[in-house]
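Enquirer: sequence and predicted structure, then a few things I'm wondering about:
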Amino acid sequence: MHEFSEWPKTKRLFRNIVVTEKLDGTNSAVHISKGSPFEHPDTVFEAYPLKPGEFFVDGHVWHVTAQSRRRIITPGKTTDNFGFAGWVYDHAADLVRILGEGLHFGEWWGKGVQRGYGLEGKRFSLFNTERWFKVDPDDPHGLDSMSTRAETSALAGQIGAVPVIYSGTFSEADITRALTDLREYGSVAAPGFMNPEGICVYHSQSRNVYKVTLDNNDAGKWEAA
């Protein structure tokens, strides 16, 4: 006899979405977890590498791992991915202080990676824009967030979030407008770069991300005949 199988609850389409620019780089992530308090013999150091993937930062051991879309990566000519792991290890203390604990997904993009965007260096842009701008509820002044911590760090200009083009109720018209604006005015993330890739659409109720690109794979009514 078969067991009962319930039809999953149907999600509502007209719920909030967030439309962001899809960046053409390489999918990456930083995984940060907090270890135990650690008394370092040389208290001059507020941030100090202990061994690969472990760092002493502000009195604690922190485990910091870099990954690409498919694997854990480490600094080295054959083990890295466009230098992302090297960047993470070099700036582990700042990343701990900016991002805190968690698995932080984003795009590593810029010079030498895919489209390059005419940049002189590389940047890491996080996908979760809400998390990036969210103010710490324990901050009495209501100012502490990832974004504000980044602005006052050595990584200012090297870390951020993907640009939000539209946020609101699901609307095909607004999605189409976002694509049209990108095609006409160029990248939001790298102003002046006129060959952006497209958009990502995060649907709040389904909690899924959908992409639409400005190439023939997603040809639609927003494209010129």
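Expert: Received it, and whenever you're ready, just let me know what you need.

Enquirer: how many residues are close by Ala173?
Expert: Neighbours of Ala173 under the rule other Cβ atoms under 10 Å: 8. Yep, even glycine has a C-beta here, placed from its N, CA and C like the rest.

Enquirer: which stretches of this protein aren't confidently modelled?
Expert: Across the chain, the ranges flagged by pLDDT under 70 are 38-48, 216-225.

Enquirer: in it, which spans are helices?
Expert: 84-90, 92-99, 129-133, 146-151, 172-185 (DSSP state H).

Enquirer: list the helices and strands the longest one packs on?
Expert: Read it as helix 172-185. Contacting helix 172-185 under the criterion 3 or more Cβ pairs under 8 Å, 6 or more residues apart in numbering; DSSP states H and E are the following elements: strand 16-22, strand 164-169, strand 198-203.

Enquirer: for Gln114, which of the ones you listed is the nearest?
Expert: With Cβ to Cβ, the closest approach to Gln114 among those belongs to strand 16-22: 11.4 Å.

Enquirer: strand partners (parallel or antiparallel) of that closest one?
Expert: Applying DSSP bridges, strand 16-22 is found paired with strand 164-169 (antiparallel), strand 198-203 (antiparallel).

Enquirer: may I see the helices of the chain arranged in CSV, with distance to Val18 as well?
Expert: CSV is the format used below for the helices of the chain (distance: least, Cβ to Cβ, whole Å):
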stretch, distance to Val18
helix 84-90, 24
helix 92-99, 20
helix 129-133, 6
helix 146-151, 16
helix 172-185, 11
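
Enquirer: among those helices, which comes closest to Tyr202?
Expert: The nearest among those, by Cβ to Cβ, is helix 129-133 at 8.5 Å.

Enquirer: any buried residues in the closest one, and which?
Expert: Within helix 129-133, the residues scored as buried using 16 or more other Cβ atoms under 10 Å are 129, 131-132.

Enquirer: check stretch 183-203 too.
Expert: For stretch 183-203, burial by neighbour count (16+ other Cβ under 10 Å) applies to 183, 186-190, 196-203.

Enquirer: quick one: end-to-end distance for that stretch.
Expert: 23 Å (Cα to Cα, to the nearest Å).

Enquirer: compute the inter-axis angle for whichever strand in the chain runs longest and helix 92-99.
Expert: In the chain, with assignment by DSSP state E, the single longest strand is strand 26-37. Angle, strand 26-37 to helix 92-99, by axes from the mean of the first three to the mean of the last three Cα atoms, to 10 degrees: 90 degrees.

Enquirer: from the contact counts, what lies against strand 26-37?
Expert: By 3+ Cβ pairs under 8 Å, 6+ apart, strand 26-37 packs against strand 60-68, helix 84-90, helix 92-99, strand 102-110.

Enquirer: and these as TSV, adding distance to Thr78?
Expert: Converted to TSV, the helices and strands packed on strand 26-37 look like this (distance: least, Cβ to Cβ, whole Å):
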stretch	distance to Thr78
strand 60-68	13
helix 84-90	11
helix 92-99	21
strand 102-110	18
